[in-house]
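Participant: Predicted model and sequence follow; I will ask about them next.
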Amino acid sequence: MNLLNKLERKFGRYYISNLMLYIVIGTGIVFAFWFLAPDIPLLSFLSFDRSAIMRGQVWRILSFIFIPENGNPISMVFWLYLYWLIGSSLEDYWGGFRFNVYYFCGVLFAVIGGFITGYATVHYLNLTLFLAIAVINPNMQLLLFFFLPVKMKWLAWIDAAFLIYNFIFTPFMSTRIIILFSMLNFLLFFGGDFFRFIRDKIKYRKIRSSFKNRNR
């Protein structure tokens, strides 16, 4: 975080404002073309493909982040709204520069994982947005499916369980690599806080145990 502070002081004016809005709009446009013209191989043109990138199709390094995660219009509207809400909330909390760093670090690590495994997905990167907002504002409420109020921390626990389950039980090592690399931005931003939390808990238990032993 000291490095991030230095970068922000030096380059803090260079960022994309309302980044998540542009990503949501781009994803929505791709979904519309995909849904209305399924015969056009748009997704295969935008997806991350290591061999195609090595042949010069370098746009795939970024274009894969606009690929929709499902083909249901109602579900897609809900998820795009949710990503915009969470992304804009993180930008309001951190500021535009830090949110850009968080998101594009996630993209960079996903791309590195993609070059190792041959493919990349934005799915796990999007889950790190849920985890980040849950750490920052665990009691933030959102309307699940537009009517059911749910606190963000409960969604984060579901996301964490999903990630752990996929990591442990997937038969593919490539999936484990993709999950691990996609989580690195979250670990970079919050790993120190978790380490200090665990360290303080251990110290507290030691102090409490020694205090009990002294009073016996």
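Facilitator: Structure received.
Participant: Buried ones in stretch 14-29, by neighbour count?
Facilitator: Across stretch 14-29, burial judged by 16 or more other Cβ atoms under 10 Å covers Y15, I16, L19, M20, I23, V24, T27, G28. C-beta: built from backbone N, CA, C; applies to glycine.
Participant: mind exporting that stretch as PDB, just the C-alpha atoms?
Facilitator: Output of stretch 14-29 as PDB, limited to C-alpha atoms (Å, rounded to 0.1, in the frame of the first residue of the first chain):
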ATOM      1  CA  TYR A  14      -4.200   9.400 -14.900                       C
ATOM      2  CA  TYR A  15      -7.200   7.100 -14.600                       C
ATOM      3  CA  ILE A  16     -10.500   6.200 -16.400                       C
ATOM      4  CA  SER A  17     -13.300   7.800 -14.500                       C
ATOM      5  CA  ASN A  18     -16.500   5.700 -14.200                       C
ATOM      6  CA  LEU A  19     -14.400   2.700 -15.400                       C
ATOM      7  CA  MET A  20     -17.100   0.100 -14.400                       C
ATOM      8  CA  LEU A  21     -19.800   2.000 -16.400                       C
ATOM      9  CA  TYR A  22     -17.700   1.700 -19.600                       C
ATOM     10  CA  ILE A  23     -17.100  -2.000 -18.900                       C
ATOM     11  CA  VAL A  24     -20.800  -2.600 -18.300                       C
ATOM     12  CA  ILE A  25     -21.800  -0.700 -21.400                       C
ATOM     13  CA  GLY A  26     -19.200  -2.600 -23.500                       C
ATOM     14  CA  THR A  27     -20.400  -6.000 -22.100                       C
ATOM     15  CA  GLY A  28     -24.000  -5.000 -22.800                       C
ATOM     16  CA  ILE A  29     -23.300  -4.100 -26.400                       C
END
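Participant: Contacts for it next, please.
Facilitator: The contact list for stretch 14-29, computed with Cβ atoms under 8 Å, 6 or more residues apart in numbering, reads 65-68, 76, 80, 83-84, 86-88, 90-91, 96-97, 99-100, 103.
Participant: redo that, cut-off 7 Å
Facilitator: Here stretch 14-29 makes contact (Cβ atoms under 7 Å, 6 or more residues apart in numbering) with 65-66, 68, 80, 83-84, 87-88, 91, 96-97, 99-100, 103.
Participant: what does stretch 103-115 give?
Facilitator: The contact list for stretch 103-115 (Cβ under 7 Å, 6+ apart) reads 19, 48, 50, 61, 65, 120, 125, 128, 177-178, 181-182, 184-185, 188.
Participant: State the mean pLDDT of that stretch.
Facilitator: Per-residue pLDDT values over stretch 103-115 give a mean of 92.
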